[in-house]
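Enquirer: Sequence first, then the predicted structure, then my questions.
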Amino acid sequence: MAENFRKNLTLPDLAATSLLGARIAAVLRPGDLVALSGDLGAGKTTLARAILGALGVGEHVPSPSFTLVQSYDTPHLRVSHYDLYRLKRPGELAELGLDDALEDGAALVEWPERARLPEGLTITLDSAAAGRRAVLEGPARWRVLENVDV
Ligand SMILES: Nc1ncnc2c1ncn2[C@@H]1O[C@H](COP(=O)(O)OP(=O)(O)O)[C@@H](O)[C@H]1O
Ligand SMILES: [Mg+2]
């Protein structure tokens, strides 16, 4: 069986987060789910914005904390950005169209622990002495990020 992927990174500043976002954007394809885990203020939305920005989303990317989901048609990929913090029941996710979103696009999901999600890349963000710490974990598919350095 192919080995799972795991990698620790330090993101000392916003430029490092932007770079990580660009590296993820470069390999993102339909069916990919990227779970962004971490406490309030950990940098989940910042990383989601970096991924979307690298994919060419020029407009302002709001935090979807009230709408729960916001979708973007980027030139090569449709990306749905979820924030499940205010999800009332795990079943509500089906109504938010996650399955459809993954059928023809990729999904970035903040507060993934609020629901039962399909397999994907999980990025856990945490405060560090300077900036943030990121732990990337996922199935073998995500070993494409093995050599990422920021
Ligand atoms: N790598 C980083 N270094 C320093 N500050 C960061 C970094 N990533 C995010 N931040 C800052 O953390 C704050 C909260 O980020 P945000 O993305 O809104 O968190 P979350 O969505 O996890 O609640 C923002 O002010 C952002 O600029
Ligand atoms: Mg957020």
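Expert: Okay, I see it. Ligands and ions are numbered 1, 2, ... in the order given.
Enquirer: got a list of what Pro17 touches?
Expert: Residue 17: Thr, not Pro. 11, 43, 46-47, 50, 131-132, 150 (C-beta atoms under 8 Å, 6 or more residues apart in numbering). Any C-beta I mention is one placed from the backbone N, CA and C, and that applies to glycine too.
Enquirer: Point me to the residue of this protein nearest ligand 2.
Expert: Closest contact between the chain and ligand 2, by C-beta to the ion, is at Thr45 (3.4 Å).
Enquirer: Can you mark which positions in the worst-scoring helix or strand of the chain on mean pLDDT are buried?
Expert: When the helices and strands of the chain are scored by mean pLDDT, DSSP states H and E, helix 92-95 comes last with a mean of 90. Residues Leu93 are the ones in helix 92-95 that count as buried (16 or more other C-beta atoms under 10 Å).
Enquirer: For the longest helix anywhere in the chain, list every residue counted as buried.
Expert: Criterion DSSP state H: the longest helix present in the chain is helix 14-27. Applying a neighbour-count criterion of 16+ other C-beta under 10 Å, one finds 16-25 buried in helix 14-27.
Enquirer: remind me which residues of the chain are low pLDDT?
Expert: Residues of the chain meeting the criterion pLDDT under 70: 1-2.
Enquirer: Residues of it that sit close to ligand 1?
Expert: Contact residues, the chain versus ligand 1 (C-beta under 6 Å from any ligand atom): 11, 13-14, 16-17, 38, 40-46, 110, 131-132.
Enquirer: Kindly recompute the last result at 5 Å.
Expert: 11, 13, 17, 40-46, 131-132 (C-beta under 5 Å from any ligand atom).
Enquirer: on that earlier part again, just put the buried residues of helix 14-27 in JSON lines and tack on distance to Glu3.
Expert: As requested, the buried residues of helix 14-27 are exported to JSON lines (distance: C-beta to C-beta, whole Å):
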{"residue": "Ala16", "distance to Glu3": "26"}
{"residue": "Thr17", "distance to Glu3": "27"}
{"residue": "Ser18", "distance to Glu3": "29"}
{"residue": "Leu19", "distance to Glu3": "25"}
{"residue": "Leu20", "distance to Glu3": "22"}
{"residue": "Gly21", "distance to Glu3": "25"}
{"residue": "Ala22", "distance to Glu3": "25"}
{"residue": "Arg23", "distance to Glu3": "20"}
{"residue": "Ile24", "distance to Glu3": "20"}
{"residue": "Ala25", "distance to Glu3": "24"}
